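Asks: Following is a predicted model, sequence given first.
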Number of protein chains: 2
Amino acid sequence: MMRTRPLKVALLGCGVVGSEVARIMTTHSEDLAARIGAPVELAGVAVRRPSKVRAGIDQALVTTDATALVKRGDIDVVVEVIGGIEPARTLITTAFEHGASVVSANKALIAQDGEALHAAAEQHGRDLYYEAAVAGAIPLIRPLRESLAGDKVNRVLGIVNGTTNFILDKMDSTGAGYQEALDEATALGYAEADPTADVEGFDAAAKAAILAGIAFHTRVRLDDVYREGMTEVTAADFASAKRMGCTIKLLAICERAADGESVTARVHPAMIPLSHPLASVREAYNAVFVEAEAAGQLMFYGPGAGGAPTASAVLGDLVAVCRNKLGEATGPGDSAYTRLPVSSMGAVVTRYHISLDVADKPGVLAQVATVFAEHGVSIDTVRQTGKDGEASLVVVTHRAPDAALTGTVEALRRLDTVRGVASIMRVEGE
Amino acid sequence: MMRTRPLKVALLGCGVVGSEVARIMTTHSEDLAARIGAPVELAGVAVRRPSKVRAGIDQALVTTDATALVKRGDIDVVVEVIGGIEPARTLITTAFEHGASVVSANKALIAQDGEALHAAAEQHGRDLYYEAAVAGAIPLIRPLRESLAGDKVNRVLGIVNGTTNFILDKMDSTGAGYQEALDEATALGYAEADPTADVEGFDAAAKAAILAGIAFHTRVRLDDVYREGMTEVTAADFASAKRMGCTIKLLAICERAADGESVTARVHPAMIPLSHPLASVREAYNAVFVEAEAAGQLMFYGPGAGGAPTASAVLGDLVAVCRNKLGEATGPGDSAYTRLPVSSMGAVVTRYHISLDVADKPGVLAQVATVFAEHGVSIDTVRQTGKDGEASLVVVTHRAPDAALTGTVEALRRLDTVRGVASIMRVEGE
């Protein structure tokens, strides 16, 4: 059964993920061959710094000329783990043109240019797989694209960034503030020196765009994703969340509108009930909760980053793409046939937890309640506390459109009796 | 792009799952066509009682002659949801012979005859898919077979039976005894009139055999799976578990031995720490925890049974098999190349929680401890309680082979001072 001519793999990038891919390809070559039906061989490794010593990698395979590598013509599969937009994008399209299928872990690129890349893959009859681009080792793309292919996904609710989950979990469990928790994450290697991409939600937004597109069989661009970081979450917010039986997570939320005619995608911190399966996702773990019409509620949990977990996802794709090559087939490609429009954040309907600093005098609550009513936002509960002449009001609303809540908050800020809006947090997963 | 000649599907069985498959095929036909690349048509439905009214199913499609249906020759995919060994087995092999691929939800059949059925599928160049056979809607077979195809799975630890999880969850949360919790499960429709297959672990054992085979790329037969039901779990066991910071779940556990040269598969009730992700799986939900070398710890969670969730899994497979048909390819088939032997239960190494009723007199603990030592089972903690002339000893061991524990317990039973062994429970997931 086994073909003896090996399939040739070119590796673009040999950092944390790439070196792990190369290592597993070497140490587990017999398993990979058995699972693919043919041996698989590392035929070239493109790097920026060729002089760096890479244990276990034949120096003769190393090149700085990635373009020449993908143009060789004998490469069956290109594994792209360099990240970023360029040169990754050009290398991938060049690979398609020269006979290779591509496995990528590049969330930024797929989120931005997935449509064009899929079109290029299809034009040349190649595969483009990228399980590793979302939530590391957790199988998500394949379950959404294949396992749920006979179902209708209505909602995806996920913790898709390990750095921010680590920080929020620390704040929750120790009472630490944001900066203190970030410092610990940095010291332990969970956060990068410049944590912007993580803490401002850019990383999660790219994943949300990819997930929404696949879940709803439509096109969701990075710009379509509403994004709010988690740098302003405070210990006080966690205290408020606890009083509500909630915790706070940075969530990527992709939803089909109630009428089914549009979708939304967003990333922001939110309170979720402690009873929700996502609430107990600790440290840097990721988890994605999927609600489908027939399947009901599913959750996928695991390590969302790291060299070995990401390599596991890359290699799973590599085996699939190699099998397809052998069978002269391609796997399921892009599916955006529903062409559902993506609505803006204002159309999202959810609940809100609002903390206001107000003047400690009679009539304030009535004023505030009137503003909510005027904007059609129905109040669920109000908690009023006063101390030393200052007072605070915590309002939790029923479900309302985000646009109505924004209007409410703008009007509240104009009230003389409202000194400030201390925090606004959405409440999800109920 | 779209082919216009529809792919023809024969449905064998039209009960809870089958009727839901038929319903979704009708109501979501456009989505299915877009995802497959060709329309898909219900071409025949084989049932036992043709007179029964089935809403939404054209009576002209209904037949009692399943054999004639699978022999028609124009059927592309046979969906088998009748369950049991025969006639399902013969119908599936007949389907392969007559040009059809097969999607099955039949765990008992796949666990017993998976090898022969896979061989028949391969001989005729057909697909055999059965995501629905294990844990209903939860994508498990595909993630294990495909997403983790580049990784090495070392352990699968799952709650794969909703009925028993519902019963154990009730016992845990309400303090009810087994019979009371079973009665509630029966009243709510979670348990069948004869609950034997569930509560004695037969259902979970079939799933364990399937999971172990796929996870370790080997052959695990139903007879290879050690099986212990959960009918003897008591409220006292839950109280003991709580004292240890644990709860009790009926687990299906598939493990690669430490030396990697053999595997084990077993189903039994076990204590697991409350901090383990499986501990918070409530009611009739299922969840499967997978430990892989590179990916680390993954968990898959969702509804493990029910018409719609099972239909979701069946339809996901149906879409994949139809795509393969169109591409004149077949998906990844049987993979049992490692041929790892399956060791018996005695080779399993785990921890134990043992409750003994003992004589309330000096020297008993020393006697008991000597027996453990003589059998090479190291004690972690002992708790001794005495009341009204009776005493009990609770011993928690370190990790030891199951055979050593069995020998220990036999020797304990022979001690005059040991009145009885109240319970023995394994401790997992630490």
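Replies: Thanks, I have the structure now. Numbering: from 1, shown residues only, chains lettered A, B, ... in the order given.
Asks: residues in contact with the lowest-mean-pLDDT helix or strand in chain A?
Replies: Every helix and strand of chain A was ranked by mean pLDDT, DSSP states H and E. The lowest is strand A:379-387, at a mean of 88. For strand A:379-387, the external contacting residues (C-beta atoms under 8 Å, 6 or more residues apart in numbering or on different chains) are A:243, A:351, A:360, A:365, A:369, A:372, A:391-398. In this view, the C-beta of every residue, glycine as well, is placed from N, C-alpha and C.
Asks: Quick check: closest non-adjacent residue to the residue in the stretch 201-350 of chain A positioned nearest to chain B.
Replies: Residue of the stretch 201-350 of chain A nearest chain B, by C-beta to the nearest C-beta: A:Leu315 (2.3 Å). With C-beta to C-beta, 6 or more residues apart in numbering or on different chains as the criterion, A:Leu315 has its nearest non-adjacent residue at 2.3 Å, and that residue is B:Gly150.
Asks: For the one you found, give me its contacts.
Replies: Contact partners of B:Gly150, counting by C-beta under 8 Å, 6+ apart, are A:24, A:28, A:32, A:35, A:311-312, A:314-319, B:294.
Asks: From the residues you listed, which land in helices?
Replies: Among the contacts of B:Gly150, the members falling in helices (DSSP state H) are A:Ile24, A:Leu32, A:Arg35, A:Ala311, A:Ser312, A:Val314, A:Leu315, A:Gly316, A:Asp317, A:Leu318, A:Val319.
Asks: Pull the most distant pair out of these.
Replies: Farthest-apart pair in the ones in helices among the contacts of B:Gly150 is A:Arg35 and A:Ala311; separation 15.4 Å (C-beta to C-beta).
Asks: Show me which of the two is the more surrounded one.
Replies: More neighbours surround A:Ala311 than the other of A:Arg35 and A:Ala311, with 31 against 24 (other C-beta atoms under 10 Å in any protein chain shown).
Asks: Verify the stated contact: the more buried one with A:His28.
Replies: No - using C-beta atoms under 8 Å, A:Ala311 is not in contact with A:His28; the gap is 10.7 Å.
Asks: Filter the contacts of B:Gly150 down to the buried ones, ChimeraX style.
Replies: The following ChimeraX line selects those of the contacts of B:Gly150 that are buried, judged by 16 or more other C-beta atoms under 10 Å in any protein chain shown:
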select /A:24,28,32,35,311,312,314,315,316,317,318,319 /B:294
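Asks: Mind listing what's buried along stretch A:117-133?
Replies: The neighbour-count check on stretch A:117-133 (16+ other C-beta under 10 Å) flags A:117-122, A:124, A:126-133 as buried.
Asks: Quick one: name the residues of the stretch 301-430 of chain A near chain B.
Replies: Within reach of chain B by C-beta under 8 Å from any C-beta of the partner chain, the stretch 301-430 of chain A has these residues: A:301-303, A:306, A:308-309, A:311-320, A:323-324, A:327-330, A:332, A:335, A:337-338.
Asks: mind redoing it with 7 Å?
Replies: Contacts of the stretch 301-430 of chain A with chain B, taken as C-beta under 7 Å from any C-beta of the partner chain, map to A:301-303, A:308-309, A:311-312, A:315-316, A:318-320, A:323, A:327, A:329, A:332, A:335, A:337.
Asks: Does the closest residue to A:Val319 other than its chain neighbours belong to a helix, a strand or coil?
Replies: Spatially, and ignoring its direct neighbours in sequence, A:Val319 is nearest to B:Ala149 (3.8 Å; C-beta to C-beta, 6+ apart). When classified by DSSP: H, G, I helix; E, B strand; the rest coil, B:Ala149 comes out as coil.
Asks: Which residue is the nearest non-sequential neighbour of A:Glu122?
Replies: Nearest residue to A:Glu122, sequence neighbours excluded (C-beta to C-beta, 6+ apart): A:Gly333, at 5.6 Å.
Asks: Tell me how many other residues crowd the one you found.
Replies: Count around A:Gly333 with other C-beta under 10 Å applied: 14.
Asks: That one looks like it's in a strand, true?
Replies: No - according to three-state DSSP, A:Gly333 belongs to no strand; its state is coil.
Asks: what pairs with the regular element (helix or strand) spanning A:Met425, and is each one parallel or antiparallel?
Replies: Secondary structure from DSSP states H and E places A:Met425 in strand A:418-427. Using DSSP bridges, strand A:418-427 pairs in its sheet with strand A:263-273 (parallel), strand A:349-359 (antiparallel).
Asks: how much space is there between the residue of chain A positioned farthest from its centre and chain B?
Replies: Within chain A, the residue lying farthest from the chain centre (C-alpha atoms, centre = their mean) is A:Pro362, at 46.0 Å. Going from A:Pro362 to chain B by C-beta to the nearest C-beta, to the nearest Å gives 46 Å.
Asks: In three-state terms, label that residue for me.
Replies: Following three-state DSSP, A:Pro362 is assigned to coil.
Asks: Mind pulling the model confidence for it?
Replies: Listed pLDDT for A:Pro362 reads 84.
Asks: so who does it touch?
Replies: With contact set as C-beta atoms under 7 Å, 6 or more residues apart in numbering or on different chains, A:Pro362 has no partners.
Asks: ok, A:Cys315 - contacts?
Replies: Actually, residue A:315 is Leu. It isn't Cys. A:Leu315 sits next to A:Val21, A:Ile24, B:Gly150, B:Asp151 when contact means C-beta under 7 Å, 6+ apart.
Asks: got CSV for those, with distance to B:Tyr178 too?
Replies: Formatted as CSV, the contacts of A:Leu315 follow (distance: C-beta to C-beta, whole Å):
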residue, distance to B:Tyr178
A:Val21, 49
A:Ile24, 46
B:Gly150, 43
B:Asp151, 39
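Asks: The residues you listed: which two are farthest apart?
Replies: Using C-beta to C-beta, the contacts of A:Leu315 span at most 11.5 Å, a distance reached by A:Val21 and B:Asp151.
Asks: Which of those two has more residues huddled nearby?
Replies: The residue with more neighbours, out of A:Val21 and B:Asp151, is A:Val21; 30 against 27, by other C-beta under 10 Å.
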